[in-house]
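Chemist: Show me how the following folds:
(chains A and B)
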Amino acid sequence: GNSVTQMEGPVTLSEEAFLTINCTYTATGYPSLFWYVQYPGEGLQLLLKATKADDKGSNKGFEATYRKETTSFHLEKGSVQVSDSAVYFCALSGNTGGFKTIFGAGTRLFVKA
Amino acid sequence: GAVVSQHPSWVICKSGTSVKIECRSLDFQATTMFWYRQFPKQSLMLMATSNEGSKATYEQGVEKDKFLINHASLTLSTLTVTSAHPEDSSFYICSAPNRTSGVTGGELFFGEGSRLTVL
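Modeler: All right, here's what the predicted structure looks like:
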């Protein structure tokens, strides 16, 4: 079945550092890939998405590229801020079974001033 | 934009009682909603898919009689935890798909979550 594997946290960075959170997936067909973010005390919200191979999703300075050859969707940001401290979830939604979405374990990011 | 709202945001109950959590889509219709359970510092576990007008589809290992799901209308799904026990204490999150993204795939809108504590 479909699955998502992402790097374990927590990840602690200083402000303005470069961020990479690795995510790989296993799926049949051509899934859509997502990064969701959960800020402290809030619900999950979509950060970015990519729906086909080689697509790059981007939002709020974050980027991720859909790499079918390596089945990866790594999240990157060139310069993190304290306000980026949150839990980040990689997820996929297959092209069968409607919108059923499978999540990775989540990676907690702490950014220090 | 579209919003999904859950109620209550937190609830404390005694062991053996039942608790109902509501999930509403506020400005759009949702024929499908998903219920997730999130343990502390862990990922979201899909419990079931709620379908308007038909029975919910449960994931393997989720007790249907324990977690009753009713999709009463195009904007409301409810999750009832029956005869709750301390091990049912968790964070329950509902979501609904953004159907403007296409027929299949697409992102989800999430409710704020409901924290259940069973004493």
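Chemist: can you count the residues close to A:A53?
Modeler: The number of residues packed near A:A53 is 12, by other Cβ atoms under 10 Å in any protein chain shown. For glycine as for every other residue, the C-beta is placed from the backbone atoms N, C-alpha and C.
Chemist: Same question for B:Q29.
Modeler: Using other Cβ under 10 Å: B:Q29 sits among 11 other residues.
Chemist: likewise the one 5 residues further on?
Modeler: Counted with other Cβ under 10 Å, residues neighbouring B:F34 total 27.
Chemist: and it, that's in a helix?
Modeler: No: per DSSP: H, G, I helix; E, B strand; the rest coil, B:F34 lies outside any helix segment and is strand.
Chemist: Can you name the residues of chain B that neighbour chain A?
Modeler: B:32, B:34, B:36, B:41-44, B:46, B:49, B:93, B:95, B:97, B:101-102, B:104-108, B:110-113 (Cβ under 8 Å from any Cβ of the partner chain).
Chemist: What are the buried residues along stretch A:105-113?
Modeler: By 16 or more other Cβ atoms under 10 Å in any protein chain shown, the buried positions in stretch A:105-113 come out as A:105-107, A:109, A:111.
Chemist: From those, list the ones also adjacent to chain B.
Modeler: Filtering the buried residues of stretch A:105-113 for proximity to chain B (criterion: Cβ under 8 Å from any Cβ) leaves A:105-106.
Chemist: ok, which stretches of chain B are strands?
Modeler: B:4-7, B:10-13, B:19-25, B:32-38, B:44-51, B:57-58, B:67-73, B:76-81, B:90-97, B:108-110, B:114-118 (DSSP state E).
Chemist: make that chain A, sorry
Modeler: A:3-6, A:11-14, A:19-21, A:23-26, A:32-38, A:44-50, A:56-59, A:62-65, A:75-77, A:86-93, A:101-103, A:107-112.
Chemist: any idea which helix or strand of chain A has the worst average confidence?
Modeler: Least confident helix or strand of chain A, by mean pLDDT, DSSP states H and E, is strand A:101-103 with a mean of 89.
Chemist: ok, now chain B?
Modeler: Least confident helix or strand, chain B: strand B:108-110 with a mean of 90, by mean pLDDT, DSSP H and E.
Chemist: which helices and strands sit right next to it?
Modeler: Applying 3 or more Cβ pairs under 8 Å, 6 or more residues apart in numbering or on different chains; DSSP states H and E, one finds that strand B:108-110 makes contact with strand A:44-50, strand B:90-97.
Chemist: Please identify the most buried of the ones you listed.
Modeler: Across those, the average number of neighbours (mean count of other Cβ atoms under 10 Å in any protein chain shown) peaks for strand B:90-97, which reaches a mean of 25.
Chemist: Contacts for the least confident helix or strand of chain B, please.
Modeler: Contacts with strand B:108-110, where a contact means Cβ atoms under 8 Å, 6 or more residues apart in numbering or on different chains, come from A:36, A:43-46, A:93, A:99, A:101, B:1-4, B:25, B:34, B:93-98.
Chemist: Repeat the analysis, applying 7 Å as the threshold.
Modeler: A:43-45, A:99, A:101, B:2-4, B:34, B:93, B:95-98 (Cβ atoms under 7 Å, 6 or more residues apart in numbering or on different chains).
Chemist: Please identify which two of those residues are farthest apart in space.
Modeler: A:T101 and B:V3 (18.2 Å; Cβ to Cβ).
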